[in-house]
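> Quick check, what structure comes out for this input:
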Amino acid sequence: MEKAPIPKNEKERLLSLYKLGLLDTKPEERFDRITRTATKIFNVPISTLTLIDAKREWFKSCVGLPVREGDRAISFCGHALLANDVFVIPDTKKDKRFLDNPMVIGKPFIRFYAGVPIVNADGERVGVFCVKDTKPRKFSKNDKEILKNLAAWAELEVNSRNLSLALAEEKKLQKKLTEQYNEAERSKAKDEAILASVGDGMIVVDKNRKIIFFSKSTEEITKWKAEDAVGRHTSEIMQMEDEKGHPIPANQRPIHQALATRKTITTITTTSYYLVFKDGRRFPATITATPVIYKKGIIGAILIFRDVTKEKEIDKAKSEFISLASHQLKTPPTAIKLLTERLLSGKMGEFNENQKEYFREIRSSNQRMIDLVNALLNVSRIELGAFTIQVSKKNVSAVISGVLDELQSLVEKKKLKLKTALEKNMMLMLDESLFRIIINNLVTNAINYTAEGGSIRVESKIAEKGEMLGKNILKEKSFVFIVSDTGQGIPQKEQSRIFTKLFRADNAIEQHTDGTGLGLYLSKSILDHCGGSIWFTSRENEGSVFYAAIPIAGMKAKSSEKMLIGR
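You can find the predicted model right below:
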């Protein structure tokens, strides 16, 4: 016996069959009418409309058989499925493929078979229409034509069901689309109402920066009508300048960076971005540019901007107040420091060890107050832009080693392991005082947030343009200062706020770790002003790694009447 062959496109054929939804359904008169007609025309006892499943043949309509399905492997219809014309076996016992077939040597004792493949609307062969007899017989050309006509009738009924299902599905889809359209219209009306109520300017551009949406608030801010603005380049609507009136280069503007990097770009209040309009108006602004990505491609960007004139005035007043208050606060701690130093020196008489310990605690607490006041003064000067960056060629490793020597007592007090790997004899144009503030802040943080017995590693290196350090790719050749620790780390949810003013992580507060929340903010502000950058990686309960990079050309000089205060 020869098993029924499997078509090459069996997977696609089965998917097409299942899509019909006919398998294992109840008998239907429209199909039974055809099989009854076939038995009468050909005077045979058996006729079936057979659907060929993965491992079975299933009869959608059957005359003359007591069962509704059979084994595909031994089926006659499994062979007929691949035939290009009427598949005829005049005498099964004379055909070596079927002479020992269970259906030939046993019930129903098939001796004659003729079948025609049924093709659905997808062009796939899903079944066979056939007639069978229990005695051999001849099958004329005319008989074949009649059987093909009956098969075509059955095929029409098979596909009409598919068509009716498709029509029903189309009707459901139409209803769903209507509902979705109505919902979209409602959502659009709601979104337009929300956008109309937002005071910020909002512009949507395509990838060529041509305006495709212009909000009501943007009309009021820019004095342009939406119908006049749409289709124009953003540069025709507004220009971008720095505080001194110099144009911001195109590649440094947020919308250009958003389109180029595929990332949201946000400026901050302290950044000097000014928007300039056709009527000469000019104001400082915070700007957020968000790329619009569809199917992995950039199709445009959304630009949101806000006039922050009032915020900058408030920040300036606040910084001036902090500066004034800090100067007043600085006098008492300075006096306390001088007095405690004199008391501990023995110049004012001898004290027992217990008394000296109290004086040392006073000195330590007072130093923390001095550090806080100095930090507040530095913050106010940075935010006002009123500080000097004086650069000269310095041996970087010598400066780093000097700061580490000053912090050695804190390392020893906590029994920490401090390892160093510094770039030897590296000369760089630096403001030594500012660089010491950065080193001091990063190493002090590592000491404060690392538990007793932990370890800290301080290293420096020259990194090439394009090199990746801590998930950050360097934009230019740089000197990089790196501090890593085995401390408590920074919770993931709080990492985006790490460089904001007065920020302290929840786990640092819970563990009563020393700190002002100003060190990292100061370090970033200094690096931003002198052309450097700072970033980090961290895992809670595992530790952190901080990177401070300065371009190999050195820090950018800056003139002012005041300088920042080092430790």
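> Would you report the backbone torsion angles of E157?
phi -70, psi -40 (degrees, to the nearest 10).
> Look up how far F129 lies from it.
10 Å (CB to CB, to the nearest Å). All C-beta spots, glycine's among them, are computed from the backbone N, C-alpha and C.
> Then K461?
Using CB to CB, one gets 80 Å for the distance from K461 to F129.
> One more: L518?
Taking CB to CB, one finds L518 at 86 Å from F129.
> do the same with L338
As for L338, its distance to F129 is 110 Å (criterion: CB to CB).
> how about the residue lying closest to G543 once chain neighbours are set aside, what does it touch?
Take G543 and drop its neighbours on the chain: the residue closest to it by CB to CB, 6 or more residues apart in numbering is T486, 4.5 Å away. With contact taken as CB atoms under 8 Å, 6 or more residues apart in numbering, T486 is in contact with 450-451, 454-456, 542-543.
> In CSV, list the residues you listed along with pLDDT and neighbour count.
Formatted as CSV, the contacts of T486 follow (pLDDT from 0 to 100; neighbours: other CB atoms under 10 Å):
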residue, pLDDT, neighbour count
T450, 91, 22
A451, 90, 14
G454, 94, 18
S455, 95, 15
I456, 96, 25
E542, 91, 11
G543, 92, 22
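> which among those gets closest to L474?
G543 (22.6 Å; CB to CB).
> Specify the beta-bridge partners of that closest one.
With DSSP bridges as the criterion, G543 is bridged to R539.
> before we move on, what about the one 4 residues further on?
Taking DSSP bridges, one finds I482, W535 as the beta-bridge partners of Y547.
> Over to the one 4 residues further on?
Bridge pairing for P551 (DSSP bridges) gives the partners S478.
> what's around it, how many residues?
19 (other CB atoms under 10 Å).
> circling back to that earlier point, what do E157 and F129 both touch?
In contact with both E157 and F129: I34, using CB under 8 Å, 6+ apart.
> Which one of these two is surrounded by more residues?
Neighbour totals were compared for E157 and F129, and F129 leads with 30 against 20 (other CB under 10 Å).
> okay, now the closest residue to the more buried one other than its chain neighbours: neighbour count?
Excluding the flanking residues, the one nearest F129 by CB to CB, 6+ apart is A151, at 4.0 Å. Close neighbours of A151, defined as other CB under 10 Å, add up to 23.
> can you check S544 too?
Number of residues near S544 (other CB under 10 Å) recorded here: 24.
> ok, the spatially closest residue to it that is not a sequence neighbour - contacts?
The shortest distance from S544 to any non-neighbouring residue, by CB to CB, 6+ apart, is to S538 (3.9 Å). Contacts here follow CB under 8 Å, 6+ apart; on that basis S538 touches 489-490, 495, 544-545.
> circling back: from K3, how far off is the residue nearest to G543?
For T486, the distance to K3 - CB to CB - is 68 Å.
> Got phi/psi on S75?
phi -80, psi 150.
> for F112, same thing?
Taking degrees, to the nearest 10 as the convention, F112 sits at phi -140, psi 140.
> Can you spell out which residues form a bridge with it?
D133.
> OK, contacts around it?
44, 89-92, 132-137, 139.
> List buried members of those by neighbour count.
44, 89, 91-92, 132-133, 137, 139 (16 or more other CB atoms under 10 Å).
> What about these, which are in strands?
89, 132-133 (DSSP state E).
> Which SSE is immediately downstream of the helix or strand harbouring the residue nearest to F129?
Per DSSP states H and E: A151 is located in helix 141-197. As assigned by DSSP H and E, the chain's next helix or strand after helix 141-197 is strand 201-206.
> Neighbouring strands - and their directions - for that following strand?
strand 211-214 (antiparallel), strand 297-307 (antiparallel).
> Tell me which residues are up against that strand.
Contacts of strand 201-206 (CB under 8 Å, 6+ apart): 195, 211-215, 217-218, 221-222, 229, 234, 237, 255, 292, 299-306.
> hang on, the earlier thing: looking at the contacts of T486, which two lie furthest apart in space?
Farthest apart among the contacts of T486 by CB to CB are I456 and E542. That separation is 14.0 Å.
> Check what pLDDT the spatially closest residue to K138 that is not a sequence neighbour gets.
Leaving aside its chain neighbours, K138 sits nearest to P90 (6.1 Å; criterion: CB to CB, 6+ apart). As predicted, P90 sits at a pLDDT of 96.
> For P90, give me phi and psi.
Torsion angles at P90 (phi, psi; degrees, to the nearest 10) stand at phi -60, psi -40.
> In the stretch 101-250 of the chain, where is pLDDT below threshold?
The model of the stretch 101-250 of the chain has pLDDT under 70 over residues 161-170, 173-174, 177, 180-181, 184-185, 187-199.
> Break this structure down into its structural domains.
As given by automatic domain parsing, the domain ranges for the chain are 10-167, 200-307, 312-367, 387-551.
> Lowest average confidence across those, which one?
Among these, domain 312-367 scores lowest, at a mean of 75.
> quick one: the strands in the stretch 401-550 of the chain?
Along the stretch 401-550 of the chain, counting by DSSP state E, counting those that start in this stretch, strands occupy 417-421, 427-430, 455-463, 468-469, 472-473, 478-485, 533-539, 543-551.
> Take the contacts of S538 and write them to CSV, including distance to I52.
Shown next, in CSV, are those (distance: CB to CB, whole Å):
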residue, distance to I52
G489, 63
I490, 63
Q495, 60
S544, 65
V545, 64
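> tell me which of these is nearest to E311?
E311 has its nearest neighbour among the contacts of S538 in Q495, at 25.1 Å by CB to CB.
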